[in-house]
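**Q** With the input below, show me the fold.
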Amino acid sequence: MDLPKGKKIYFASDNHLGAPTSEESLPREKKFVQWLDEVKEDAAAIFLLGDLFDFWFEYKTVIPKGFSRTLGKLAEITDNGIPVYYFVGNHDLWMNGYFEEELNIPVFHKPREFSLNGKRFFIGHGDGLGPGDKGYKRMKKVFTNPVGKWFFRWLHPDLGVKLAQYLSVKNKAISGDEDVKFLGEDNEWLIQYARRKLETRHYDYFVFGHRHLPIDFRLNDNSTYINLGDWINYYTYGIFDGETLHLKEYGKKI
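**A** Sure, this is the predicted structure:
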């Protein structure tokens, strides 16, 4: 993708709409929709890197109630010819065609490489990558197992969604009970993952979410790891002007 003059590419992640309750997340959703409305003016593309919802499961004829402002704004953006790309996160793994069919948004279930204005990007949500976190990796295999999804689908949505939301809100990063801090380059799994990828192929930027912490980390002279933070505590996003990618907080530069 080559950027037209004056256009930019935007990145955002980890909104967790619906958490801890629909009422409490509504102001955050309105703020995010306002951001979408502003960036569409000069956006060549928008990348959403997962966990837009705190829980999302697509039954054959039902999707979770709510989020009409966000879904409507995304439909408006794609209807106006601005491409939006979505990478599933660990809270919205169960996407199965709704975004593609209703919103014209391609959905990716694994990290993917993009060439943007001559720069090589490696983009994904970030969950389950790198060493460690073996417990989650085992759970993810269960969550994505076709048999497990089939059984869950047979739960009435009122029961299934309520159960999933209850378990999801127990996540301390969502409830605000955990102070997310930078662990140091030797303990940040995504930094280790990016460095291993660089052993076999050059990337200018690694862009992930999942950590709920804005990070701009120089891997070497030519490669940078960006973590987008979240729209719960930081309201941060990435903006690529064709030459450099940097983080901004909605309303001011960080």
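
**Q** hey, where'd the strands end up in this structure?
**A** All strands of the chain, identified by DSSP state E, fall at 8-12, 43-48, 84-87, 107-108, 112-116, 119-123, 205-208, 214-218, 224-228, 236-240, 245-249, 252-253.

**Q** Out of those strands, which is closest to Lys197?
**A** strand 119-123 (6.5 Å; CB to CB). Yep, even glycine has a C-beta here, placed from its N, CA and C like the rest.

**Q** quick one: the residue nearest to Leu198 when sequence neighbours are not counted from Glu243, how far?
**A** Taking CB to CB, 6 or more residues apart in numbering, and ignoring the residues beside it in sequence, Leu198 has Ser223 as its nearest neighbour in space, at 5.9 Å. To Glu243, Ser223 is 15 Å away according to CB to CB, to the nearest Å.

**Q** Comparing the two, which shows the higher neighbour count?
**A** Comparing Ser223 with Glu243 by neighbour count (other CB atoms under 10 Å), the higher total belongs to Ser223, at 19 against 9.

**Q** these two touch, right, the more buried one and Lys197?
**A** No - assessed by CB atoms under 8 Å, Ser223 is found out of contact with Lys197, at 9.2 Å.

**Q** pLDDT below threshold where in the stretch 101-250 of the chain?
**A** By pLDDT under 70, the low-scoring segments of the stretch 101-250 of the chain are 132-145, 147-155, 157-158, 160-179.

**Q** want to try JSON lines for the strands of the chain, with mean neighbour count and distance to Leu129 as columns?
**A** Formatted as JSON lines, those follow (neighbours: other CB atoms under 10 Å; distance: least, CB to CB, whole Å):
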{"stretch": "strand 8-12", "mean neighbour count": "24", "distance to Leu129": "17"}
{"stretch": "strand 43-48", "mean neighbour count": "22", "distance to Leu129": "17"}
{"stretch": "strand 84-87", "mean neighbour count": "22", "distance to Leu129": "12"}
{"stretch": "strand 107-108", "mean neighbour count": "17", "distance to Leu129": "14"}
{"stretch": "strand 112-116", "mean neighbour count": "15", "distance to Leu129": "13"}
{"stretch": "strand 119-123", "mean neighbour count": "19", "distance to Leu129": "10"}
{"stretch": "strand 205-208", "mean neighbour count": "25", "distance to Leu129": "8"}
{"stretch": "strand 214-218", "mean neighbour count": "15", "distance to Leu129": "14"}
{"stretch": "strand 224-228", "mean neighbour count": "25", "distance to Leu129": "11"}
{"stretch": "strand 236-240", "mean neighbour count": "22", "distance to Leu129": "18"}
{"stretch": "strand 245-249", "mean neighbour count": "16", "distance to Leu129": "19"}
{"stretch": "strand 252-253", "mean neighbour count": "8", "distance to Leu129": "28"}
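
**Q** Could you give the number of residues near the residue nearest to Glu58 when sequence neighbours are not counted?
**A** Computed as CB to CB, 6+ apart, the closest residue to Glu58 that is not its neighbour in sequence is Asn96, at 4.4 Å. Residue crowding around Asn96 was assessed by other CB under 10 Å; the count is 16.
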